[in-house]
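> Pasting a predicted model and its sequence here:
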Amino acid sequence: MTDPAAAAPDVEALPCPGCGYDLRAMSSGRCPECGLEVDREALKESGVPWAHRKSIGRVRAYVRTVWWMLSGAKRLSMEAAKPQSPEDARAIRRVTFVLLALFVIVCYLATTKDDGLQSLVLRKPVNLFVTAYSATEATMWDVALAWSAGATRPGVLLICLIGLTFAIVRSPAALFFTKRIEPSRREVGVTLATYAFSPIALLLPAFATVWFVGKLAPWLDQSSFSHLTLPVQLIGSLVSFVLTASAVLGAIGRPIQWFARVTHAGVGGTVAAATRWLYTALGVTVFWLGLVPCCVGFLWIVIDSFRQ
């Protein structure tokens, strides 16, 4: 059989959505490898709602994209073979970042409104029966105290959380950090993985549900509708749980599924890519929540020592 790539070297690759076979030299619409019927005209334009946000509206396009990605809509099955715009990926990533950052800010303010960050203040214990710490223990305490000094500075931890949010929203691209993927396929994959990560924004309505129920329950207790308090709390908890589970599982599982669809890497390649993504997420978490507060705290301790 003639090599499709050799037969049409100047035409952009047309991979089969089912198996990845190059369909450029095929005259029929059926893939000779897997038998999938492919509509060539439909493969010329992205079908993801966000790509058509100018005509259907940004809010509607974002909500529909989140739902389609989360539910695994069948109409998305051909998207791995369609052209995808990196600019669309950057645009939806900005929206997802803003929504997730709002969730982080609200959670931060809600957990620190009473005693601030006093629970993070560390003091080296003094034990009269221990004359000295070992070198390892002393180093660990120095690092912990520096981190505490940095994390308790006003605004530092919040800035670190926002920085971590920005890095996490960009992290699905790490799935495609391999030389085995062609640049054009990497572009498509990163765009689809960015779309698929958008359900993480459901964490914001999940928190809003908890907050609303928390405010509504005391009012119901003091009104003639007190018998509705328990049902409202149960429904609110269920809705919040479903939204949270959907956000976390969808944002993790769907990008991995798109990696498998775009690259046809098999189980081994998909597991390796997921592991690479996990290490990237852990790395940025350690950097933003560990290293940055520690460095800020060390500088603060040094500056404060000159004041005494």
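Cool, got the structure. Numbers count the residues shown, from 1 in each chain.

> Go ahead and measure how far whichever strand or helix holds residue 215 is from the middle of the chain.
Secondary structure assignment for residue 215, by DSSP states H and E: helix 203-221. Relative to the centre of its chain, helix 203-221 is centred 25 Å away, using CA atoms, centre = their mean, to the nearest Å.

> can you list the residues that contact that helix?
Residues from elsewhere that reach helix 203-221 (CB atoms under 8 Å, 6 or more residues apart in numbering): 99-100, 102-103, 106-107, 110, 226, 228-229, 232-233, 236-237, 239-240, 243-244, 247. For the C-beta atoms, the positions are set from N, CA and C on the backbone; glycine is no exception.

> Next: stretch 293-308.
When contacts are taken as CB under 8 Å, 6+ apart, the neighbours of stretch 293-308 outside the stretch itself are 143, 145, 146, 147, 148, 149, 150, 151, 153, 156, 157, 160.

> in that stretch, what's buried?
By neighbour count, and taking 16 or more other CB atoms under 10 Å as the criterion, the buried residues in stretch 293-308 are 293, 294, 296, 297, 298, 300.

> and the residues you listed, which of them are in helices?
When DSSP state H defines the helices, the subset of the buried residues of stretch 293-308 inside them is 293, 294, 296, 297, 298, 300.

> For the contacts of stretch 293-308, work out which two are farthest apart.
Across these, the longest distance by CB to CB is 17.4 Å; it joins 145 and 160.

> hang on, the earlier thing: report the angle between the following helix or strand past the helix holding residue 215 and helix 203-221.
Sequence-wise, the next helix or strand beyond helix 203-221 is helix 229-263, with elements assigned using DSSP H and E. Orientation of helix 229-263 against helix 203-221 (axes from the mean of the first three to the mean of the last three CA atoms, to 10 degrees) gives an angle of 170 degrees.

> Point out the other helices and strands that helix 229-263 packs with.
In this structure, helix 229-263 packs against helix 58-71, helix 183-197, helix 203-221, helix 266-286, with contacts taken as 3 or more CB pairs under 8 Å, 6 or more residues apart in numbering; DSSP states H and E.

> any chance of those helices in JSON lines, with mean neighbour count, mean pLDDT and distance to residue 80 too?
Below are those laid out as JSON lines (neighbours: other CB atoms under 10 Å; pLDDT from 0 to 100; distance: least, CB to CB, whole Å):
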{"stretch": "helix 58-71", "mean neighbour count": "18", "mean pLDDT": "94", "distance to residue 80": "13"}
{"stretch": "helix 183-197", "mean neighbour count": "23", "mean pLDDT": "92", "distance to residue 80": "7"}
{"stretch": "helix 203-221", "mean neighbour count": "16", "mean pLDDT": "91", "distance to residue 80": "27"}
{"stretch": "helix 266-286", "mean neighbour count": "14", "mean pLDDT": "94", "distance to residue 80": "14"}
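
> What separation is there between residue 223 and residue 163?
44 Å (CB to CB, to the nearest Å).

> Neighbour count: the two, which is higher?
Neighbours were counted for residue 223 and for residue 163 using other CB atoms under 10 Å; residue 163 has more, 16 against 10.

> For residue 89, see how far away that one is.
Distance, residue 163 to residue 89, by CB to CB: 20 Å.

> now residue 241
From residue 241 across to residue 89, the span is 30 Å (CB to CB).

> of these two, who's got more company?
The residue with more neighbours, out of residue 241 and residue 89, is residue 89; 24 against 13, by other CB under 10 Å.

> can I assume that one is in contact with residue 195?
Yes - using CB atoms under 8 Å, residue 89 and residue 195 qualify as a contacting pair, with a distance of 7.1 Å.

> Turn the helices and strands packed on helix 229-263 into CSV, including distance to residue 77.
As requested, the helices and strands packed on helix 229-263 are exported to CSV (distance: least, CB to CB, whole Å):
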stretch, distance to residue 77
helix 58-71, 11
helix 183-197, 12
helix 203-221, 27
helix 266-286, 17
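
> Quick one, which of those gets closest to residue 51.
Ranking those by proximity to residue 51 (CB to CB) places helix 58-71 first, at 8.1 Å.

> tilt between the closest one and helix 183-197?
Using the same axes, to 10 degrees: helix 58-71 against helix 183-197 is 100 degrees.

> All set, thanks.
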